[in-house]
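> got a predicted structure plus its sequence, pasted below:
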Amino acid sequence: MERNPIKKSCLLLIWITFALIELPSVKAFVMPRSFYFASLRKQTTCIPHNTPSSKQTPDNEIQKSLGKISAIRAAESENTVSSFFSFPRLVWRFTRPHTLIGSALAIPAIHALAAPSYAALFSSTSLISMSYTMVCALLMNLYITGLNQITDVEIDKINKPYLPIAAGDLSIKHATWIVLIALALSLGMGALHPQLATPGLNLALWGSGILGTFYSLPPFRLKRFPLLAALCIVAVRGTVINAGFFAHAKYAVFGNPIRSVLYYLMNDAACKLSCIFFGIFGIVIALMKDVPDVAGDEKAKIRTMSVRMGQKRIFSAMKSLLTALFVIFGVSFIKGGLTATVRTTAFLRVIVGIFGLIGGISVEKKAFQVNPEDSKDVYQYYMHLWKLFYLSYIALVFAK
């Protein structure tokens, strides 16, 4: 991954560009909506050959013409202002904000886990690394979630008709440009910085980008195969993100001479446990996401676990798995806190352990009144799991 990063980035971009449905027209992307009003104004102000001159036109006709021109200019101005603010909001919707927030919280949390002390965490070097790494990660997150929407338009029209492309608010051409630009910027930033372009950062970006592409894009489209899809999610949410950013922080920020991601994954207990926890949590979120989407997946012949085994069984299994995950980690942290010799460490571990037990209770309590065959119920529960996911990364800051 360290050799010829620019060449590899260009090759990946070229492959994805040709694999996507239709490369957008630059003219269509940059053409302002006011173009229509400009054309209309030109038509209005042009005087046909068979129309009397202004000297022969009654005063009321002149006033009407001036009124039309004023109305067109006002509409053009209002449309330009509206477009200026609406496009960023549209892109924000396109990012799937709940996934973006998860990625944003992961970066400082993993830096905190890798830091030798809280003082080191808030050093200028650490803050610069967190900011730079977060931009790279958020751009890659935009690429992955955006690509999934581009390839799932027909499914989303059934399962998630509110998404920008499915709702007709964003064209595939514009969406394609957005994801390609996000991918190029993410990989470019990861490869070109003189100090922060570490193997750990590049593994996290390249690994998640490649697996995210294989997950969504034909001819691979791993989401069609439940086992491969699950392995893909475990790899990204567990190993690639947590171990990659952990190794990056250790080497680039906290002065550890070892750059190998595999070394930290095999020898650092904190890194290993975070990969296990968030890898399992990632599976739960991914499979729970499919529970309310059975109708669209069946129509598109996407044989998810919910389609194969039924919504009730998958909902119950994922709820139980997440409850067990929280309880096991909660009890382990409480036991670790009670045996710790340093008071601060003991206190923080007990607090994190209590959070784990509360998380397990919350998973069960919220599931009690959910009908697994009601899409609205399951979606609300699914978003509750994302809140627990955010809180888990916040708790990671104190898991020393």
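Happy to help now that I have it. No experiment lies behind these values; they were computed from the predicted model shown.
> now the helices for the stretch 201-350 of the chain?
Under the criterion DSSP state H, counting those that start in this stretch, the stretch 201-350 of the chain contains helices at 226-233, 244-252, 261-267, 269-290, 294-299, 305-309, 311-339, 343-367.
> next one: residue 249 from residue 99, what distance?
Applying C-beta to C-beta, to the nearest Å, the value for residue 249 to residue 99 is 22 Å. Yep, even glycine has a C-beta here, placed from its N, CA and C like the rest.
> which of the two has more residues huddled nearby?
residue 249 (28 against 18; other C-beta atoms under 10 Å).
> thought that one was touching residue 115?
Yes - using C-beta atoms under 8 Å, residue 249 is in contact with residue 115, at 7.3 Å.
> which neighbours do those two share?
Shared contacts of residue 249 and residue 115 (C-beta atoms under 8 Å, 6 or more residues apart in numbering): residue 126.
> angles on the backbone of residue 171, please.
phi -80, psi 160 (degrees, to the nearest 10).
> so which of the helices of the stretch 201-350 of the chain comes closest to residue 170?
Across those, residue 170 has its closest neighbour in helix 294-299 (18.7 Å, C-beta to C-beta).
> now do the buried residues in the closest one.
294, 296-297 (16 or more other C-beta atoms under 10 Å).
> okay, those residues in TSV with distance to residue 172 next?
Below are the buried residues of helix 294-299 laid out as TSV (distance: C-beta to C-beta, whole Å):
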residue	distance to residue 172
294	25
296	18
297	20
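> and of those residues, the nearest to residue 226?
Nearest to residue 226 among the buried residues of helix 294-299, with distances taken as C-beta to C-beta, is residue 297, at 10.9 Å.
> for the closest one, what are its contacts?
With C-beta under 8 Å, 6+ apart, residue 297 has these contacts: 155, 159, 290, 303-304, 306-307.
> going through those residues, which ones are buried?
By 16+ other C-beta under 10 Å, those give 155, 159, 290, 304, 306-307 as buried.
> follow-up on the earlier one: got CSV for the helices of the stretch 201-350 of the chain, with distance to residue 165 too?
CSV is the format used below for the helices of the stretch 201-350 of the chain (distance: least, C-beta to C-beta, whole Å):
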stretch, distance to residue 165
helix 226-233, 21
helix 244-252, 30
helix 261-267, 35
helix 269-290, 18
helix 294-299, 14
helix 305-309, 23
helix 311-339, 25
helix 343-367, 30
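> residues in contact with the residue nearest to residue 139 when sequence neighbours are not counted?
Using C-beta to C-beta, 6 or more residues apart in numbering and skipping the chain neighbours, the partner closest in space to residue 139 is residue 186 (3.8 Å). Contact analysis of residue 186 by C-beta under 8 Å, 6+ apart lists 136-137, 139-140, 143, 205, 209.
> list phi and psi for residue 186.
Residue torsions, per degrees, to the nearest 10, at residue 186 are phi -60, psi -50.
> residue 395 versus that one, what's the distance?
Distance of residue 186 to residue 395, given as C-beta to C-beta: 27 Å.
> returning to what we had before: reformat the buried ones among the contacts of residue 297 as CSV; add pLDDT and distance to residue 190.
Formatted as CSV, the buried ones among the contacts of residue 297 follow (pLDDT from 0 to 100; distance: C-beta to C-beta, whole Å):
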residue, pLDDT, distance to residue 190
155, 88, 31
159, 86, 32
290, 87, 30
304, 80, 32
306, 87, 35
307, 81, 36
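> which one among the residues you listed gets closest to residue 352?
Checking the buried ones among the contacts of residue 297 one by one against residue 352 (C-beta to C-beta), the nearest turns out to be residue 290, at 30.1 Å.
> identify whichever of the helices of the stretch 201-350 of the chain lies nearest to residue 194.
helix 244-252 (10.8 Å).
> give the buried residues for the closest one.
Buried, per 16+ other C-beta under 10 Å, within helix 244-252: 244-252.
> how about residues contacting whatever helix or strand residue 387 lives in?
Using DSSP states H and E, the element containing residue 387 is helix 375-396. Helix 375-396 has contacts (C-beta under 8 Å, 6+ apart) with 98, 101-102, 105-106, 109-110, 112-113, 274, 277-278, 281, 284-285, 288-289, 291-293, 311, 315, 322, 352, 355-356, 359, 362-363, 366-367, 369-372.
> among these, which ones are buried?
For the contacts of helix 375-396, a burial check counting by 16+ other C-beta under 10 Å picks out 101-102, 105-106, 109-110, 112-113, 274, 277-278, 281, 284-285, 288-289, 291-293, 311, 315, 322, 352, 355-356, 359, 362-363, 366-367, 370, 372.
> quick check: mean pLDDT of the host helix or strand of residue 86?
Secondary structure assignment for residue 86, by DSSP H and E: helix 59-94. For helix 59-94, mean pLDDT rounds to 62.
> with stretch 368-379 instead?
The predicted model assigns stretch 368-379 a mean pLDDT of 90.
> CA atoms only for it, dumped as CSV, please.
What follows is stretch 368-379, C-alpha atoms only, in CSV (Å, rounded to 0.1, in the frame of the first residue of the first chain):
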residue,chain,number,x,y,z
PHE,A,368,-40.0,-5.2,23.9
GLN,A,369,-42.7,-3.3,22.0
VAL,A,370,-41.2,-3.6,18.5
ASN,A,371,-43.1,-5.7,15.9
PRO,A,372,-40.3,-7.1,13.7
GLU,A,373,-42.7,-7.1,10.7
ASP,A,374,-43.6,-3.4,11.1
SER,A,375,-41.0,-1.4,9.1
LYS,A,376,-41.6,1.8,11.0
ASP,A,377,-41.1,0.0,14.4
VAL,A,378,-37.9,-1.7,13.3
TYR,A,379,-36.5,1.4,11.8
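> can you start the count at 56 instead of 1 from here on
OK, 56 is where the count begins now, so the last one is stretch 423-434.
> chain center to that stretch, what's the gap?
24 Å (C-alpha atoms, centre = their mean, to the nearest Å).
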